[in-house]
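A.B. asks: Provided below for reference: sequence and predicted model.
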Amino acid sequence: MEPKKNPHLDVRRNSLLFFFVGTTLVLLLTYLALEWKTYYQDNAWDIGNLKVQDELDEETPFLKLKLPEPPKPKIKTPPVIDIVEDEKDIVETVIESSEPNQDTEITPIESIEVADSDLPDEVPFILIENAPVFPGCENETTEKGKRACFQEMMLKHIRKNFRYPEVAREMGLQGRVSVMFIVQKDGSIGDIKLRGPHESLEKEAARIISKLPQLEPGKQRGTPVKVPYSIPITFKLN
């Protein structure tokens, strides 16, 4: 036969409740221990015994500054007035009229010299109506053909009379000489201008141009005029 226990006398009946209550009390005591504060009752000094001025007024020192004196106004010397006596003669300036005088005689129209022609004295080779004609180009019928023949004959003349200067050959000089001359109104060659790398080459180019034959002059409106012409001559050693 098993022994029977009274359920009201069982010790483990409320063990869980006692566990939670105990845990709560321990946490509460821990919190109070951490948050507990203590204060000193006796102060080392008493604030009431201090004497503090209600207002602190600082006296500002006065500074005396001496300002510079203002500049004195400049007094200009009065102009000297020259008093002219009444008996002295005064020459007055006469202002002449700018209008033409109606009594002036007009020059007669017969005495005014009028230019015979308004043609320029010099016309470039490209703009002239009738270019100079090189001997042998007279058979060309068109102006374009005469110009082409002129240039071709100029090149033939240069190749025919070309001679390399000995001084330039020995010195090894070569380059291009720019030649410009004017075909005069009578067909002769004049006003030769040269520009090259050396004087010996320029002299040879001048000699070639001086051997040009007599040309037929260029004409503008049927009147002979001066025609400038330029051509380069190249000197090159073989």
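C.D. replies: Cool, got the structure.

A.B. asks: Tell me where the longest helix sits in this protein.
C.D. replies: helix 15-35 (DSSP state H).

A.B. asks: Mind checking what helix or strand follows it in sequence?
C.D. replies: Scanning forward in sequence from helix 15-35 by DSSP states H and E, the next helix or strand is helix 143-161.

A.B. asks: Report the mean per-residue pLDDT for that following helix.
C.D. replies: Across helix 143-161, the average pLDDT comes to 90.

A.B. asks: Stretch 30-46 now?
C.D. replies: Stretch 30-46 comes out at a mean pLDDT of 72.

A.B. asks: try stretch 77-91
C.D. replies: 68.

A.B. asks: Can you show me the CA trace of the longest helix of the chain as PDB?
C.D. replies: Extracted C-alpha coordinates of helix 15-35, given in PDB (Å, rounded to 0.1, in the frame of the first residue of the first chain):
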ATOM      1  CA  SER A  15       8.600  26.800  -6.300                       C
ATOM      2  CA  LEU A  16       8.300  28.600  -9.600                       C
ATOM      3  CA  LEU A  17       6.600  31.600  -8.100                       C
ATOM      4  CA  PHE A  18       9.200  31.800  -5.400                       C
ATOM      5  CA  PHE A  19      11.900  31.700  -8.000                       C
ATOM      6  CA  PHE A  20      10.400  34.700  -9.900                       C
ATOM      7  CA  VAL A  21       9.900  36.700  -6.700                       C
ATOM      8  CA  GLY A  22      13.400  36.100  -5.600                       C
ATOM      9  CA  THR A  23      14.900  37.000  -9.000                       C
ATOM     10  CA  THR A  24      12.900  40.300  -9.000                       C
ATOM     11  CA  LEU A  25      14.100  41.200  -5.500                       C
ATOM     12  CA  VAL A  26      17.700  40.500  -6.400                       C
ATOM     13  CA  LEU A  27      17.400  42.700  -9.600                       C
ATOM     14  CA  LEU A  28      15.700  45.500  -7.600                       C
ATOM     15  CA  LEU A  29      18.500  45.500  -5.000                       C
ATOM     16  CA  THR A  30      21.100  45.500  -7.700                       C
ATOM     17  CA  TYR A  31      19.500  48.500  -9.400                       C
ATOM     18  CA  LEU A  32      19.300  50.400  -6.100                       C
ATOM     19  CA  ALA A  33      22.900  49.700  -5.300                       C
ATOM     20  CA  LEU A  34      24.100  51.000  -8.600                       C
ATOM     21  CA  GLU A  35      21.900  54.200  -8.500                       C
END
